[in-house]
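Asks: Build me a model from this:
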Amino acid sequence: MSSKLSQTAPTAQTAAENKPLNALHVKGVLVEGTQATFYEATLNNARNSILEDGVVRFDLLRGMENANEFLLVEVYKDASDHGKHRLTPHYNEWRPTVEPFMAQDRSVTKYETIFPEVSAWTKSESSSTEDTHGYKESRPWHAAPFESSTSTDSKHVRGGLLVRLIDAQVAAEKAQDFELVTKALCAVSLRESGVQRMDLLRSIDNNIPDAKQSITKYRIVKMFNSPSGEELHEMSAHYLAWRERVLPYLMAELVTESYTTLFPSPLYFHKPSTLMYGGEGQAFVQEQTRAPHCGDNTATEGDSVYWAGHRGLSTTNLASGMFGFQGPKILMGRGIAGKAVRDLLTNLKLKRPLIVTGSSGLKRNAALLAEIFHSKGDNSFDIAAHAVSIDGEPTVEDVEKFVSVAIAQGCDSVLSVGGGSALDAGKAVAALIPNHHRNIFDFLEVIGKGLPLEHDPLPFIAVPTTSGTGSEATKNAVLKSSQYGLKVSIRHEKMFPVAAVLDPTLTLSCPPSVTAHVGMDTLCQVVEPYLCCTPNPFVDALAKEGIVRASRSLRDAVADGATNLEAREDMAVASVMGGLCLANAKLGAVHGFAAVLGGRFENAPHGAICACLLPFVFEKNAQCLQEKAATGDGGSLLHDSVRLDALVKLARFQEVSRMMTGNSTADIAEGVRWLHGLMRDINIPSLSVLCPELGSIATQGTSAGVKVSLAQALENQALQAIITATMNASSTKGNPIVLSREQLTEVLLQAL
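Replies: Okay, the predicted model is just below:
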């Protein structure tokens, strides 16, 4: 710690807050054949235990070498809380249930926490409601914990996280030095994309008499996304420097035990965002990174979690001429929606809005709508008569029907309250009511004429209840055409909402799976515009802030979205930033694929499709740019615009990797690994699960479950129809580099 921090006298409150937690590691061996029953009872106990006030963690691990071995990791605020736990009904139901399954007596080892700081040992009570049956089915206990989805790709890991418990016996007089360098190792290691957690524990029985001297025992708990994450960690300069530094302190060889996690899911093991994205935790990481005992992988004085902007207009594609920036009026705050919309309607003299909601939105938002329309005792406005609902993503037919309703009711505006589907439908309806004399296909891109609107849209007010599509800040509406099997846009400069009302409290009820899907759409919509072929400085500023906010808070919003309002606010801000970015720049191949696949496979959520494709498109784009940057004769870059363009774009990929990971020294490969880890944590299924018909196409003519080769895929008419449509998609035109048919096919196969 810095001298400034260490010299600060702790108050009674801070001393209590920094008091180490008590950790118990309960190890046991099961009788053969009892695992399933034991795990079922123990999962039930863990789900209930995590709800206890004094419990900070309650994890269940399974042995790697011996599947009959298990470890319970119990962390308590105070030693007395363990006693309280033993008095609970669920513990007293669990203990006699599992006693017959024990092949030998359970052993208990007691520790106190050293790293991370106490505030970082956060628990998530929502893990108590996890669908463990679904988790078990998707990650079967009997399967190899680290079975790759392909023979060549170790990024996709099934089963739990890889856990290494490393026991160290340190000479008592060297204990303080060992703790210092090991805390530094843990802090710096957390910056690695393959590292999920890194904890340092000290045995409560500190001084164990030896024949000659006392010994202090420690346990380092390392959790990795995959074996490759561990391999990279052990090759890092800070790990190698740590090993060299601590060897003289050790009184015995390091002893390692290996486990895989069973409960909770990987999402709840993730390193705290406070350690990675600003605040005191980040300051500590930065300080330890510069410390001499961390090895050569150190940050320079210029490194920061806030990356410097570019000079002048160097971020702009000058070949495209000038650029501009547009957006709607934005009103944001906690609990503001009712009053804000009411005031907007009054000020704009709007009397009869068409209300567009999701399938259950009218009921779920009844209180909000009553506050808007009936708060002053005037019940003359019939909400139900002026309301329509959208079930799923909006279609051309839905919008045509809603336009007819609005005209029949004499509506003078449109108010959408809901997710992206309700917002897109409402925006399209507002645009088409004054233009209903024309066929809707006159205005649709790709499958229609793409003509500009003849008359300005009706005033449109957007009130999002999810944080994802960014539709509240865009000038287009995305509609699905069942006739063509595509998702396409109506787009016009006047289609921005007259106001976007952002009230993060409306998103608290959004379910975890929906939060994960729309949240990944948010991340895509700040990453792709930043990397696209036509960025500009205003988009850059919004995109960078949006990337940091979405990266640090998406996991928290999925894990604890019902209570973590700060994470919800981060995602709401990132969502509207994403909308502004895509309205003023372009997207890329991720959204190009998503437009095609979303149109053909009706039950696949747009955000989940984007999530499946983002790691692979990100990696493929970077690889192609690296190849282009390596061409040429090595002469001056000033005379080689192709190489210069590739290098400038690669620098952006590196910046995105650093912003996503929270690691100011991360490279592009770490960014890719981080994305794969995020997909796993928030439980995004593979593309073949989201689009089973597509999975069937990709395995036709092969043995069960084996994907076709790239050569076969290039000859597969169904797959190539998707590739052709993706190449023609408007979003694909914004990709930072033109990807060939073969390259896009390779990306699609990887995502499956």
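
Asks: wait, doesn't Ile737 sit right on Glu627?
Replies: No: between Ile737 and Glu627 there is no contact under C-beta atoms under 8 Å: 9.6 Å. For the C-beta atoms, the positions are set from N, CA and C on the backbone; glycine is no exception.

Asks: More neighbours: the two, which one.
Replies: Using other C-beta atoms under 10 Å, the more surrounded residue of Ile737 and Glu627 is Ile737, with 20 against 11.

Asks: which stretches of the protein have low pLDDT?
Replies: The model of the chain has pLDDT under 70 over residues 1-18, 128, 130-159, 205-213, 274-322, 376-377, 632-640, 701-705.

Asks: Grab the most central residue of it for me.
Replies: Nearest to the mean C-alpha position of the chain, counting by C-alpha atoms, centre = their mean, stands Leu554 at 4.4 Å.

Asks: Sticking with that one, tell me its helix or strand.
Replies: Here Leu554 sits within helix 537-560, counting by DSSP states H and E.

Asks: Which neighbouring elements make contact with that helix?
Replies: Helix 537-560 is packed against helix 512-531, helix 565-584, helix 641-661, helix 668-681, with contacts defined by 3 or more C-beta pairs under 8 Å, 6 or more residues apart in numbering; DSSP states H and E.

Asks: Now do the contacts for the closest residue to Gly333 other than its chain neighbours.
Replies: Of all residues not flanking Gly333 in the chain, Asp503 sits nearest, at 6.8 Å (C-beta to C-beta, 6 or more residues apart in numbering). By C-beta atoms under 8 Å, 6 or more residues apart in numbering, the contact set of Asp503 is 332-337, 340, 463.

Asks: Would you check which pair of these lies furthest apart?
Replies: Across the contacts of Asp503, the longest distance by C-beta to C-beta is 14.0 Å; it joins Arg334 and Val463.

Asks: who has more neighbours, the two?
Replies: When Arg334 and Val463 are compared for neighbours, Val463 comes out ahead with 28 against 12, by other C-beta under 10 Å.

Asks: which SS class is that one?
Replies: Classification of Val463 by DSSP: H, G, I helix; E, B strand; the rest coil places it in strand.

Asks: And the helices in the stretch 601-750 of the chain?
Replies: Ranges of helices within the stretch 601-750 of the chain are 606-629, 641-661, 668-681, 687-690, 692-698, 710-715, 717-728, 741-751, based on DSSP state H, counting those that start in this stretch.

Asks: could you check the angle helix 641-661 makes with the longest one?
Replies: With axes from the mean of the first three to the mean of the last three C-alpha atoms, to 10 degrees as the criterion, the two stretches helix 606-629 and helix 641-661 enclose an angle of 140 degrees.

Asks: Kindly report the same for the last one.
Replies: Between the axes of helix 741-751 and helix 641-661, defined by the same axes, to 10 degrees, the angle is 10 degrees.

Asks: mind listing what's buried in helix 741-751?
Replies: 743-751 (16 or more other C-beta atoms under 10 Å).

Asks: which secondary structure elements does that helix contact?
Replies: helix 589-600, helix 606-629, helix 710-715, helix 717-728.

Asks: Can I get those helices in TSV including distance to Asn347?
Replies: TSV is the format used below for the helices and strands packed on helix 741-751 (distance: least, C-beta to C-beta, whole Å):
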stretch	distance to Asn347
helix 589-600	35
helix 606-629	34
helix 710-715	56
helix 717-728	43
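
Asks: okay, these, which one's buried deepest?
Replies: Among the helices and strands packed on helix 741-751, helix 589-600 has the highest mean neighbour count (mean count of other C-beta atoms under 10 Å), at a mean of 27.

Asks: which other residues reach that helix?
Replies: Residues outside helix 589-600 that contact it (C-beta under 8 Å, 6+ apart) are 393, 478, 480-481, 484-488, 524-525, 528, 604, 606, 609-610, 613-614, 617, 621, 687, 691, 694, 722, 725-727, 729-732, 735, 739, 744, 747-748.

Asks: distance between the ends of stretch 477-494?
Replies: One end of stretch 477-494 to the other measures 12 Å (C-alpha to C-alpha, to the nearest Å).

Asks: Go through that stretch and flag the buried ones.
Replies: Within stretch 477-494, the residues that count as buried by 16+ other C-beta under 10 Å are 477-481, 484-492.
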